[in-house]
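Engineer: any chance you can model this:
(one chain, ligands or ions: 1)
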Amino acid sequence: METSTATTGTSVKEKSDQQVLDGSSIMELVENDEVFSSFVDHKFKELDKDNDGQLSVKELKPAVADIGAALGLPVQGSSPVSDNIYSEVLNEFTHGQQEKVSKTEFKEVLSDILLGMAAGLKRDPVVILRIEGEDLLEFIDGPSYDEEMLSVFSQIGCSDDASLLDCIVKAFGKLTVDHGMPPCSDSWVMSNIVEPALKSWDGYDEGVPVSKITFLEELKKVAKHVAQNLREQPVIVAHSENTFDGSGIKRFLSNKFELDRSLNAALQNVPRDRHGKISTDCLRVVLDEVAPSAGLPPIGAVEQIDDVVADVFRTAHADDGKMVKEDEFKKLLTEILWSLMLKLEENPVAVSSNCVVHEPLESSSSILQP
Ligand SMILES: [Ca+2]
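Structural biologist: The predicted structure is shown next:
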């Protein structure tokens, strides 16, 4: 999965060739008791290889892998972060200790997981776009091309000593689904759409520095080839937009029980001195631990959020390495969360993520297939 983030809060234009996944079909499945029961019966029977009426950890593995795929996780074994989520999903079923899971337990947990997924999709629907070159052509022949691309030109620093080819490749990296372009961060898109277009481009490097006029003209030529390649091999992109407006932090802070539970869990592995005091240097690490519960992305995932966090820490002089008692530490962290919430309420951060779908959607996850 390739994900790119962008600062712009622009939404994808309404198009006829798009499909919206907003969780409503999952809700329908889970809420219709008759349909869901037969779905569970079927799944359970399929998974219960030895027919003993219970699912062992081994028998649960394919279901966990399917849930991971439906959540958009990479396959197991590819990263410690996602593997951690896989083991959490498995723990949900086994409550961390049981060896076997009954059908009733399987049904309950599956329903919770699916409802959670549906709620996530309802909050941030995923739009499935079919990108086949037309919108890209429309953009390059449209009235905003010159202005937008000149701004890209200055952003990518082409006035320095970059070659024309470098500038063009970098410019493609800045084009988004709003311009009718699938994300170039996806290696398939790069090698099947962009690189062949660059090969058939007949432009040449006039040497550095690259002039604005040359850049605009030559980029347009390559974009035409790209549009042609997209027409021959359309790319399916799952597009979603999240807005971080502090509401997740607000919910988190208002749930005292959840807040305590989450802080205590995060503080378990934090180093302490012999008086049990904790260094304020650990505030960032602990903040990252509680981030998912507060509806925040992990550190390093969204640059604009990292900036807001850095700003809050700077103003609060929070990570000065002072040794504080646990209560004081929790209080400091809560204050940081408050400041973050206020800042995001004032200036929400919108992030759009685009992920190329390489398999037909229907087969990407079988957990939702009755
Ligand atoms: Ca079994």
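Engineer: for burial, what's the neighbour tally of the residue nearest to residue 233 when sequence neighbours are not counted?
Structural biologist: Nearest non-adjacent residue to residue 233, counting by CB to CB, 6 or more residues apart in numbering: residue 192, 6.2 Å away. The way it works is simple: take the backbone N, C-alpha and C, and place the C-beta from them, glycine included. Look at residue 192: counted by other CB atoms under 10 Å, it has 16 neighbours.
Engineer: below-threshold pLDDT in the stretch 51-200 of the chain: ranges please.
Structural biologist: Across the stretch 51-200 of the chain, residues meeting the criterion (pLDDT under 70) sit at 71-74, 78-82, 159-160.
Engineer: closest point of it to the ion, which residue?
Structural biologist: Closest residue of the stretch 51-200 of the chain to the ion, CB to the ion: residue 52 (4.4 Å).
Engineer: what's around that residue, how many residues?
Structural biologist: For residue 52, using other CB under 10 Å, the count is 10.
Engineer: tell me the secondary structure at it.
Structural biologist: Counting by DSSP: H, G, I helix; E, B strand; the rest coil, the backbone at residue 52 sits in coil.
Engineer: list the buried residues in the longest strand seen in the chain.
Structural biologist: Counting by DSSP state E, the longest strand found in the chain is strand 235-244. Buried residues in strand 235-244, counting neighbours by 16 or more other CB atoms under 10 Å, are found at 235, 236, 237, 238, 239, 240, 241, 242, 244.
Engineer: tell me which parts of the chain are close to the ion?
Structural biologist: 48, 50, 52 (CB under 5 Å from the ion).
Engineer: of those residues, which is the nearest to residue 40?
Structural biologist: Within the residues of the chain next to the ion, proximity to residue 40 (CB to CB) peaks at residue 48, which comes in at 11.7 Å.
Engineer: the closest one contacts residue 62, doesn't it?
Structural biologist: No. Residue 48 is beyond contact range of residue 62, at 11.3 Å (criterion: CB atoms under 8 Å).
Engineer: burial check on residue 142, number of neighbours?
Structural biologist: Neighbour count of residue 142, defined by other CB under 10 Å: 12.
Engineer: mind starting the numbering at 501 from now?
Structural biologist: Sure, I'll start counting at 501 from here, so that last one is residue 642.
Engineer: check the secondary structure at it for me.
Structural biologist: coil.
Engineer: the stretch 501-650 of the chain: helices as residue ranges?
Structural biologist: Ranges of helices in the stretch 501-650 of the chain, per DSSP state H, counting those that start in this stretch, are 524-531, 533-547, 557-570, 580-594, 603-623, 634-640, 645-655.
Engineer: export those helices to CSV and tack on mean neighbour count?
Structural biologist: Shown next, in CSV, are the helices of the stretch 501-650 of the chain (neighbours: other CB atoms under 10 Å):
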stretch, mean neighbour count
helix 524-531, 16
helix 533-547, 15
helix 557-570, 18
helix 580-594, 15
helix 603-623, 17
helix 634-640, 19
helix 645-655, 15
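Engineer: out of those helices, flag the one nearest residue 828.
Structural biologist: Closest among the helices of the stretch 501-650 of the chain, once you apply CB to CB, is helix 580-594, at 29.5 Å.
Engineer: hmm, who's touching that closest one?
Structural biologist: Residues outside helix 580-594 that contact it (CB atoms under 8 Å, 6 or more residues apart in numbering) are 555, 557, 560-561, 563-565, 567-568, 571, 573-574, 576-577, 601, 605-606, 609, 612-613, 798.
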